[in-house]
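# Okay, sequence plus prediction incoming.
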6 protein chains.
Amino acid sequence: MARALRKHRMLVVNPIISAKFNEFDRAFFNRNASPLFQIDVKSLKYGPASIESAYDETLASPFVVQEVVQAEKNDFEAVIINCFMDPGIEASKEISRIHVVGAGESSINLALLAGDKFSIIDVGPSRYVSYSPTRLVVKHGVQSRFVSVRGVGIRVLDLDKDLERTFKAACREGEKAAREDGADVIVLGCTGLAGLAHRIQDELKLPVIDPAIAALRAAETLILARLIPDKVAYPRPPRKSLKLPF
Amino acid sequence: MARALRKHRMLVVNPIISAKFNEFDRAFFNRNASPLFQIDVKSLKYGPASIESAYDETLASPFVVQEVVQAEKNDFEAVIINCFMDPGIEASKEISRIHVVGAGESSINLALLAGDKFSIIDVGPSRYVSYSPTRLVVKHGVQSRFVSVRGVGIRVLDLDKDLERTFKAACREGEKAAREDGADVIVLGCTGLAGLAHRIQDELKLPVIDPAIAALRAAETLILARLIPDKVAYPRPPRKSLKLPF
Amino acid sequence: MARALRKHRMLVVNPIISAKFNEFDRAFFNRNASPLFQIDVKSLKYGPASIESAYDETLASPFVVQEVVQAEKNDFEAVIINCFMDPGIEASKEISRIHVVGAGESSINLALLAGDKFSIIDVGPSRYVSYSPTRLVVKHGVQSRFVSVRGVGIRVLDLDKDLERTFKAACREGEKAAREDGADVIVLGCTGLAGLAHRIQDELKLPVIDPAIAALRAAETLILARLIPDKVAYPRPPRKSLKLPF
Amino acid sequence: MARALRKHRMLVVNPIISAKFNEFDRAFFNRNASPLFQIDVKSLKYGPASIESAYDETLASPFVVQEVVQAEKNDFEAVIINCFMDPGIEASKEISRIHVVGAGESSINLALLAGDKFSIIDVGPSRYVSYSPTRLVVKHGVQSRFVSVRGVGIRVLDLDKDLERTFKAACREGEKAAREDGADVIVLGCTGLAGLAHRIQDELKLPVIDPAIAALRAAETLILARLIPDKVAYPRPPRKSLKLPF
Amino acid sequence: MARALRKHRMLVVNPIISAKFNEFDRAFFNRNASPLFQIDVKSLKYGPASIESAYDETLASPFVVQEVVQAEKNDFEAVIINCFMDPGIEASKEISRIHVVGAGESSINLALLAGDKFSIIDVGPSRYVSYSPTRLVVKHGVQSRFVSVRGVGIRVLDLDKDLERTFKAACREGEKAAREDGADVIVLGCTGLAGLAHRIQDELKLPVIDPAIAALRAAETLILARLIPDKVAYPRPPRKSLKLPF
Amino acid sequence: MARALRKHRMLVVNPIISAKFNEFDRAFFNRNASPLFQIDVKSLKYGPASIESAYDETLASPFVVQEVVQAEKNDFEAVIINCFMDPGIEASKEISRIHVVGAGESSINLALLAGDKFSIIDVGPSRYVSYSPTRLVVKHGVQSRFVSVRGVGIRVLDLDKDLERTFKAACREGEKAAREDGADVIVLGCTGLAGLAHRIQDELKLPVIDPAIAALRAAETLILARLIPDKVAYPRPPRKSLKLPF
């Protein structure tokens, strides 16, 4: 029990206003965590119901930052931003001195380790599909390992309405990514797909990255390797007057 | 007078809470505009006093987006986000059907036209210098034309305290960029330097890009070329519930 | 009237021997110019009837350079080389101290501003299509923003024989570029298509760049931003003996 | 105790003929492993005394492959090739159906997660320094995140003769990498430096990657995320006659 | 006759255990060599029967290196490693002071000279096809000139069983590479295809590179241009104890 | 003697008006050619006295093309454009069905074969130095292998006035390229340096590429490998009316 008190505490931030996934996610993350970690989950006080656009991301980001600031005060060692678009991540890394990892950056990182060339299978309206994930890949400078992004054509908030349909659509697009685009690793581009990765992997016979799991492993790795947060790339912002309605 | 009514109306958003530059900027932009344009200037209701970090940018962005939404309702044809970091630009492009141009993206674009290899002379705390502008260059995929970023070591809010010192520091760094880094075009990395570009150009004998002027020209160009905003790269965000304190 | 005398004077060079487009182009450019500019148009004394190959370009280039030299003597502030292949542009920039802009470089530059990923719709014999425009993109180092080139399969000198056929072919290829290649901006790869851009834009619902308009805007921008020509990237050639038949 | 039997078993292969580090490494890896893992260490029967060149690597590789084949038969779930040059890694991935991770690929991968731009601090004769690590970076396609490699000028087999000298040399080169080259993450380019990372990190105030730890975390991550080995990128070699003296 | 004694002597190493191609290759290379050269051919004492995987390559490489060491002692001026995968090439370059050229690197090099964009037509099991040649292209940093790799689906050891079938399959894939992928140069990705290049070239009307011929020309070029081997990129390995079963 | 008639005939075009190097070059090329080749040398009827700028290149190019057309009629199998800037090369490749090789493209190609990372040591006014050679590297898409260009600060026409001074300057800059820039291969960026390469190589202990020799080897290679000229990348220009003063 004394040992339990010394577990590394991490906070998962669901960057949406709904708390309905928090319970499930708490169980999911703690079940998958290595025994040295204990994980809490929170959602936002303000922001959008889901993140499917830069617009949603921009509105969610200040409130993600707030949660990271609060998490540092509450002695969490790391925060996981549980959304593939990594809302608020640069600002969060700047303002805190704890590890902040995004599901998007972690997934891409794990894809590089797991194989050679990856595709992203995304959800939401298809027109967004080719821009947001591609921008993330460009930001991280790993275009040479990225072959395509494909969308399942189901909006985030509808993903769990018919999980079999979601599963089948992801398999269908993943197979096209492998056969037509040459992918050997599949990245699921939405944390709303958490839990389907292994079934899709069994179907496709390719490594399939679950973004929530990728983020969990990334945060554990940074802590267990005892790496300090990078305060050169993400220096503390200079203090200045600030006027906010929240 | 009937003609004046038909001028293209553009709004410059200073993405900071202070209104102290608005008067100056209104004169500056209208003086430099081609005769077919009329320009208004606004600053933000909420946000930071200046933008020097991703943290500042994240906090300013939702309020920039609000101004763009309002500007579209008020029949402006374009909005200029008057800051080199382009806060809120993707979200603004998504949510509106008018042209939105950022001083950062415009400056980089004009640098590509004006010469071969560009350096950015930035302001603010030196540690940010090598990260923010470089991320902008990476985002736009033009690293092959970018040679360096150098900082003058003066914070944004101190730029106009000793304008001669600012001018000299910019010339000194610009000269190093040319001689040591091989730049043949200099981009001023902060709209707070608006107005110094021509003096620095006379000194360095190289094209020197003023980000405010670059943004003005970019907005005029998009309107005069009668190009429609790109709603494929920036599709309208799907509607959803949203809870905000403002 | 005194004001009219102070207009910025620019010369458009049609780099072909025929003068038959000059009248049309003079009207077109002056109608589209901002009120501060006045534009003359000339074609070449020697050279090819159209430019569809590096061979044509090589034969036209010395005579383009001659016109630029003459234009500087005649106090033009800028020369527009009105052909997507930018014949003679480096030599012209070296030998003069005025702005020289090419329709090709200007179109690519404007495409970067107008959207995210562009395709070029070219004319002329299909075998050239995939080489010349691609070489221009490589030269400017912006491959990461370029997705494809497609040809309408009509030779330059036949473009205006059946303008509806030309229009339809451009729309058809532009739509393929958008749907199959992922383009969100279309660049028309030939100044012979000048005037069709807006109709194609209305059809495709994507920004469509007219190379003549792009060059006009680029030249206006460089002058209005009071940028000096880049004499580092394009230094004055050393004097030496030269023997020419013209 | 029943639980102990269910630990994930991993084998560390020291790809050299000497067994003198095995004892130390077994303690080091098990001490740093998460509680779910148990690690054995082996060195090679044949091969070089250290790996400082492609020549050494080529001679060690077949014997590394042998160990991986044997490890799979012995029911290890993963093999760590404990050398930054990753000798025999592609062949090992092809011939087996277990996870094989190299210290080099793992370190680069972790550097991408830990910060923005990394330098490698290498050991051994200085002439190799700029080639081998750079080839690894090129192979993984992440040049845009890599800024430099610097050598401490101490040969592998002399690293532990004067550990303070090694430590000081690594700090000196790491500081130059940060200040002159712009690195914000340091990768130690030799598993012979295992154990110094935290001291160097404390000195430099930058994240410092230990390649042995990076490999350990990478192997744990692949297993805990339940990813299958990528048999598309590394397909099973076709059977054929083979004549070997071992 | 005195002159014949002064011919440049080169050794072709067939990096497989079978000697059955040696006779044919000796005739082939000497027939194609320029008159200043005389060529011997050897195969390996140990290794695989063919090279179709990184596994085969890893097992062959030490024995290739042995042959290079021996060739230097026997006063050969250059060694050609007669396999597209270039087994053991870096180690061979390090350990010797004579020229060592690989059929893979030579073919890619000649493709760059012969045209603009190349595809590789490979043999062997199709799944390997997209990885091995692509890794070679990445290693040499020439991805911008490479458009695709396509496989004929015939295993190396079956290539000469039905030469007409092999020829037709190579033509079919080469035509797809030209028409669908945009290649204007075809590289045959296996020295097992030596001799078919001209027939395929006649069929496709595109330059078709034979890897054995490419290697021969490359070796001749390095010697005739009197270039010294690059001992900076491939420095002599430091001496150390080494234990080998051969 | 019958044999001599069957030698492959190649023409070297010195793309300048002076014929004073022709005699020397004829001897130089024939002395270095393999026994199967016989080489003639011509200079231009019109054009500049030397090529040091894009301006010179543009004026020389049409007359180079004329010589290539004439050479094809005169049954030469290949033309070497004997200048590092490759004037008129694309047009020449389009208009002819024989091999046309440039000294610039050949040198870069040979540098890729001879080592890992190359620098160019150029002549002429230093300001040109960094642009022309770099544009050539960009055009060929091999930036990842290029580390720097350095100028000896001697104009082309003065190179042979004090050959020792030229030699020493080239050695000095070559050494800086190796030590400061990391080059392991040196390319001499001007055919005016033909003949110094071996002395510089002896001094620097690095492979040093002579552009005239590189072009000779490239032309021989294309012919001996019996590759056809690439008429897809360089298709025959469409016929059209053309008005020229020569």
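Arrived safely, thanks for sending.

# Okay, the closest residue to A:Asp116 other than its chain neighbours and E:Ser130: tell me how far apart.
Excluding the flanking residues, the one nearest A:Asp116 by Cβ to Cβ, 6 or more residues apart in numbering or on different chains is D:Ala233, at 3.9 Å. To be clear about C-beta, it is placed using only N, CA and C from the backbone, and glycine gets the same treatment. Separation of D:Ala233 from E:Ser130 (Cβ to Cβ, to the nearest Å): 9 Å.

# follow-up on the earlier one: measure how buried the residue nearest to A:Asp116 is and give me the count.
Look at D:Ala233: counted by other Cβ atoms under 10 Å in any protein chain shown, it has 22 neighbours.

# any chance you could read off phi and psi for A:Leu11?
For A:Leu11, the backbone dihedrals (degrees, to the nearest 10) come out as phi -110, psi 130.

# Do the helix or strand where A:Ala111 lies and chain D come into contact?
According to DSSP states H and E, A:Ala111 maps onto helix A:103-114. Yes. Applying Cβ under 8 Å from any Cβ of the partner chain, one finds helix A:103-114 touching chain D at A:105-106, A:109-110, A:112-114.

# any idea which of these is closest to A:Phe28?
A:Ser106 (15.3 Å; Cβ to Cβ).

# just the helices in chain A please.
Using DSSP state H, the helices assigned to chain A run over residues A:2-5, A:22-32, A:54-73, A:89-95, A:103-114, A:126-129, A:132-140, A:163-179, A:197-204, A:211-224.

# okay, the angle between the third one and helix A:132-140?
Between the direction of helix A:54-73 and that of helix A:132-140, the angle (axes from the mean of the first three to the mean of the last three Cα atoms, to 10 degrees) works out to 60 degrees.

# give me the residue from chain A nearest chain C.
Residue of chain A nearest chain C, by Cβ to the nearest Cβ: A:Ser130 (6.0 Å).

# From chain B, how far out is that residue?
9 Å (Cβ to the nearest Cβ, to the nearest Å).

# Can you give me the pLDDT of that residue?
Looking at A:Ser130, its pLDDT stands at 80.

# Which residue, neighbours along the chain excluded, lies closest to it?
Excluding its sequence neighbours, the residue lying closest to A:Ser130 (Cβ to Cβ, 6+ apart) is A:Val149, at 5.6 Å.

# ok, now which ones touch A:Gly192?
Contacts for A:Gly192 (Cβ atoms under 8 Å, 6 or more residues apart in numbering or on different chains) come out as A:50, A:123, A:156, A:159-160.

# And chain A, what are its domain boundaries?
Taking automatic domain parsing as the reference, chain A has its domains at A:2-102+A:214-224, A:105-211.

# Would you point out which residue of chain A is nearest chain E?
A:Gly182 (6.1 Å).

# which regions of chain A sit below the pLDDT cut-off?
Within chain A, the stretches with pLDDT under 70 are A:1-5, A:125-128.

# Looking at it, which residue is nearest chain F?
Closest residue of chain A to chain F, Cβ to the nearest Cβ: A:Ser144 (11.0 Å).

# Tell me who's in contact with that residue.
Applying Cβ under 8 Å, 6+ apart, the residues contacting A:Ser144 are D:141, E:138, E:143.

# Isn't the second one up against D:Val138?
What that stands for is E:Val138. Yes. At 6.8 Å, E:Val138 counts as touching D:Val138 under the criterion of Cβ atoms under 8 Å.

# so who does the most centrally placed residue in chain A touch?
The centroid of chain A falls nearest to A:Ala103 when counting by Cα atoms, centre = their mean (1.7 Å). Applying Cβ under 8 Å, 6+ apart, we find A:Ala103 in contact with A:80-84, A:86, A:191, A:211-212, A:214-215.

# Tell me, how many residues neighbour the spatially closest residue to A:Asp56 that is not a sequence neighbour?
Nearest residue to A:Asp56, sequence neighbours excluded (Cβ to Cβ, 6+ apart): A:Pro48, at 4.3 Å. Counted with other Cβ under 10 Å, residues neighbouring A:Pro48 total 26.

# and A:Pro48, what is it in contact with?
By Cβ under 8 Å, 6+ apart, the contact set of A:Pro48 is A:16-17, A:56, A:59-60, B:240-242.

# farthest-separated two in those?
Maximum distance among the contacts of A:Pro48 (Cβ to Cβ): 12.9 Å, for A:Ala60 and B:Ser241.

# Which of the two has more residues huddled nearby?
A:Ala60 (27 against 11).

# Could you measure from that one over to A:Ser92?
A:Ala60 is 12 Å from A:Ser92, by Cβ to Cβ.

# Tell me the residues on chain A that lie near chain C, please.
So far as Cβ under 8 Å from any Cβ goes, chain A lies against chain C at A:130-131, A:138, A:143.

# which of these are buried?
Buried subset of those (neighbour count, 16 or more other Cβ atoms under 10 Å in any protein chain shown): A:130-131, A:138.

# ok, of those, which one's closest to D:His8?
A:Val138 (35.8 Å).

# and that closest one, what is it in contact with?
B:138-139, B:141, C:144.

# Tell me, how many residues neighbour the nearest residue to A:Ile209 once chain neighbours are set aside?
Nearest non-adjacent residue to A:Ile209, counting by Cβ to Cβ, 6+ apart: A:Val187, 4.5 Å away. A total of 30 residues lie near A:Val187 under the criterion other Cβ under 10 Å.

# can you list the residues of chain A near chain E?
A:116, A:144, A:182.

# Kindly recompute the last result at 10 Å.
Remark: the part of chain A in contact with chain E comprises A:116-117, A:144, A:182, A:184, using Cβ under 10 Å from any Cβ of the partner chain.

# returning to that earlier point: switch the contacts of A:Ala103 over to a markdown table; also include neighbour count.
Converted to a markdown table, the contacts of A:Ala103 look like this (neighbours: other Cβ atoms under 10 Å in any protein chain shown):
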| residue | neighbour count |
| --- | --- |
| A:Ile80 | 28 |
| A:Ile81 | 31 |
| A:Asn82 | 29 |
| A:Cys83 | 29 |
| A:Phe84 | 31 |
| A:Asp86 | 28 |
| A:Thr191 | 30 |
| A:Pro211 | 29 |
| A:Ala212 | 28 |
| A:Ala214 | 32 |
| A:Ala215 | 32 |
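
# Distance to B:Asp75 added to those, as CSV?
Listed next are these as CSV, based on distance: Cβ to Cβ, whole Å:
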residue, distance to B:Asp75
A:Ile80, 44
A:Ile81, 38
A:Asn82, 40
A:Cys83, 35
A:Phe84, 37
A:Asp86, 35
A:Thr191, 40
A:Pro211, 42
A:Ala212, 45
A:Ala214, 46
A:Ala215, 44
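
# Contact partners for the residue nearest to A:Val232 when sequence neighbours are not counted?
Take A:Val232 and drop its neighbours on the chain: the residue closest to it by Cβ to Cβ, 6+ apart is D:Asp184, 3.9 Å away. When contacts are counted by Cβ atoms under 10 Å, 6 or more residues apart in numbering or on different chains, D:Asp184 touches A:230-235, B:130-131, D:111, D:114-119, D:147, D:177-178, D:206-207.
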